[in-house]
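**Q** quick one, what's the 3D model for this:
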Amino acid sequence: MRNTETESTLDASTAAGGNFEGPLAGVRVIDLSKILAGPYATMSLADLGAEVIKVEHPDGGDPTRAWGPPTVGADATYFHAANHSKKSVTIDLKSDRGQTQVHDLLAEADVLVENFRPGSSLQTIFDYKELSATFPHLVILHISAYGDHGPMRDEPGYDMVAQARGGLMSLTGEAGGPPMKSGFAMGDLGAGLFGIIGIVSALFERSRTGKGQYLTTSLYEGQLALHVNWATNYFADGRRPHALGSGHPNLVPYQAYPAADDYFVIAIGNDSLWRSLCTAIDRPDLGGDERLSANRGRVVNRDYLNEELSRTLRTNTVDHWCALFSTSGIPAAPIKHLDEVYADPQTEALGMVQTVEHPTAGPMRQVAFPVNFNGVRPPVRSAPPELGADTHEILGATAHPHPATTGA
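**A** Now for the predicted structure:
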C-alpha cells in the first residue's frame, strides 16, 4: 500500500481523463468472493482506486455470470452490477497449483475478501489463522450468512434468507398483508457495506501498526445493525413491530398518499412542517386539532389523520401537490420508476451513471460510486471483466490456459 499525495482541488475533467487515482490507489485486493455481498464490497474498493483481482473458477466463474436473462455480452447483467473496474483471473482453488498461485498473489496483496461457507473445504484450505501467520500484513474479510459464532454459524444463506431471518421481511409490505422482501438486496448489500467499513478501518490501523487482521461480518449481523429505530422502539416498549406499508413507526404523516392520478410521498419531520402542510392543503381544521398538533398525537391518531389527508389529496394530481409543496418548503416527491430515475436531470447532474466500453458488448452504462472527493466522483475505470481476461497478465507462466482457448 503506497502513500500518494492528492492535490487539494480536482475537477471533473481531470477525473474523466483518468488522472484521479482515488484514496485507495496502491492497495491490492484479492477477491475470492462470489454472488453479491463480497463482490459489491470489492467493486466499491475498486471505485476508490484499489486494484482488485477477482479470482474465479475456470468452469463458469462467478455463478452470477449465469443469473440471466437479461444478459449483455456473454454474461448476465447481475454479474455486471457488482464487478466493474476489476481484473479477472481463473484459478482452481482446490488444486495444489491454484493454492500456490493464490499464495503468490497474497504475498503482494493488502486485502483478501472471501465468503467461503463455514466448515467448507475452501475455508479449511485458506484458513485465516495460517494466512495471517504467513502474511501478517494482510487484512482478511470473511463474509458469511450468520456470523462466526452461534447455532446458525454453519448454515448457508442467500439475501432472501437473511431478510427473512433478520426481520426485514416482517417489516416490509402492507399492514396485515403477507411478508415481502425489500426491493433491494439489503441482506447482501448491508454485509458488503459494513465489510467496506471494516476493511478501510483495518487499513488505517495497519498504517500505524504495520499489522493486518481478520475481519468477519455477515448478512444477519448487517440486518440487525440496520434495524436502528425499529430495534430501539422494541427495546423500549416490548411490542412486536409490524409492517406499515410505506408508513413510518415514529413519524406521521410520513408515507405514500393517493393523489387523483397516482401516489406520491410526504415526509413531515417536525410540527412546524405539519402546520405548513395543513395551510398548503387548506385544512385549518386539521391544523387546529389539538390531537394532531404534536407528532406524538399524530402517531397515536395515525389512521384518522391518514384518512383525512387522503380525502383531500385525492382532489388533485401528483404534479399539482408536489409543485405546491415545493414552494411551501414541504418535503414531498413523486414515486419514480427506474427508467424515470435514470433520465432525471438530477441524476445526470450528479454524474451517477457513467459509460464504459466492454470488449465485446460495446458501450455499457454503470452506476458510479456515491461519494465525491474534492468535488470529483471516482470514475468507473473499466467494464466488468470477461472470465479470465487478465489471467495471463497477472499469473504469467503459471496461468492455466484461458477458457476461451480450451472450450471450457
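**Q** quick one: the helices in the stretch 251-400 of the chain, in order.
**A** Secondary structure of the stretch 251-400 of the chain, counting by DSSP state H, counting those that start in this stretch: helices at 271-280, 284-287, 295-300, 302-313, 318-328, 338-342, 345-350, 391-395.
**Q** okay if I get the ones you listed as TSV plus mean neighbour count?
**A** Glycine gets a C-beta too; all of them are placed from N, C-alpha and C. Listed next are those as TSV, based on neighbours: other CB atoms under 10 Å:
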stretch	mean neighbour count
helix 271-280	17
helix 284-287	14
helix 295-300	17
helix 302-313	16
helix 318-328	15
helix 338-342	10
helix 345-350	10
helix 391-395	17
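**Q** gap between the residue lying closest to A256 once chain neighbours are set aside and I335?
**A** Spatially, and ignoring its direct neighbours in sequence, A256 is nearest to S246 (4.1 Å; CB to CB, 6 or more residues apart in numbering). Distance of S246 to I335, computed by CB to CB, to the nearest Å: 9 Å.
**Q** next: K86.
**A** Relative to I335, and taking CB to CB, K86 is found at 34 Å.
**Q** quick one: which of those two has more around it?
**A** K86 (25 against 12; other CB atoms under 10 Å).
**Q** OK, contacts around the more buried one?
**A** Residues in contact with K86, defined by CB atoms under 8 Å, 6 or more residues apart in numbering, are D31, T42, M43, A46, V52, I53, K54, S382, P384, P385.
**Q** so G157 sits right up against L219, yeah?
**A** Yes. With contact defined as CB atoms under 8 Å, G157 reaches L219; the gap is 5.9 Å.
**Q** more neighbours, the two?
**A** Counted by other CB under 10 Å, G157 and L219 do not tie: L219 has more neighbours, with 30 against 21.
**Q** element containing the residue positioned nearest the centre of the chain, please.
**A** A centroid search over the chain (CA atoms, centre = their mean) returns L189, at 3.8 Å, as the residue closest to the centre. Assigned by DSSP states H and E, L189 belongs to helix 186-209.
**Q** so for the helix or strand that that helix is followed by, what's the average pLDDT?
**A** Once the chain leaves helix 186-209, the next helix or strand it forms, by DSSP H and E, is strand 214-218. Mean per-residue pLDDT for strand 214-218: 98.
**Q** contacts for the following helix or strand past strand 214-218, please.
**A** With elements assigned by DSSP H and E, the helix or strand that comes after strand 214-218 is helix 219-225. For helix 219-225, contacts defined as CB under 8 Å, 6+ apart pick out 37, 143-147, 152, 157, 159, 161-163, 165-168, 186-188, 190-191, 193-194, 231.
**Q** any buried residues in helix 219-225, and which?
**A** Buried residues in helix 219-225, counted by 16 or more other CB atoms under 10 Å: L219, Y220, E221, G222, Q223.
**Q** so where is the protein shaky, pLDDT-wise?
**A** For the chain, applying pLDDT under 70 flags the ranges 1-18, 400-408.
**Q** re earlier: for the contacts of K86, which one is nearest R117?
**A** Of all the contacts of K86, R117 sits closest to D31, with 16.7 Å by CB to CB.
**Q** list the residues that contact T347.
**A** Counting by CB under 8 Å, 6+ apart, T347 makes contact with V341, V353.
**Q** which ones are touching W230?
**A** Taking CB under 8 Å, 6+ apart as the test, what W230 contacts is G167, L171, P241, P249.
**Q** wait, what's in contact with the first one?
**A** Looking back up the chat, that one is G167. Going by CB under 8 Å, 6+ apart, G167 touches Q223, L224, H227, W230.
**Q** could you measure from the last one over to S182?
**A** In this view, W230 and S182 are 13 Å apart by CB to CB.
**Q** what's the answer for the third one, then?
**A** Using CB to CB, we find H227 at a distance of 13 Å from S182.
**Q** next one: H142
**A** Remark: distance between H142 and S182 (CB to CB) = 24 Å.
**Q** these two - which one has more neighbours?
**A** Taking other CB under 10 Å, H142 and S182 do not tie; H142 has more neighbours (23 against 16).
**Q** which phi and psi does that one have?
**A** Torsion angles at H142 (phi, psi; degrees, to the nearest 10) stand at phi -110, psi 120.
**Q** excluding its backbone neighbours, what's nearest it?
**A** T216 (4.8 Å).
**Q** all good on my end, thank you.
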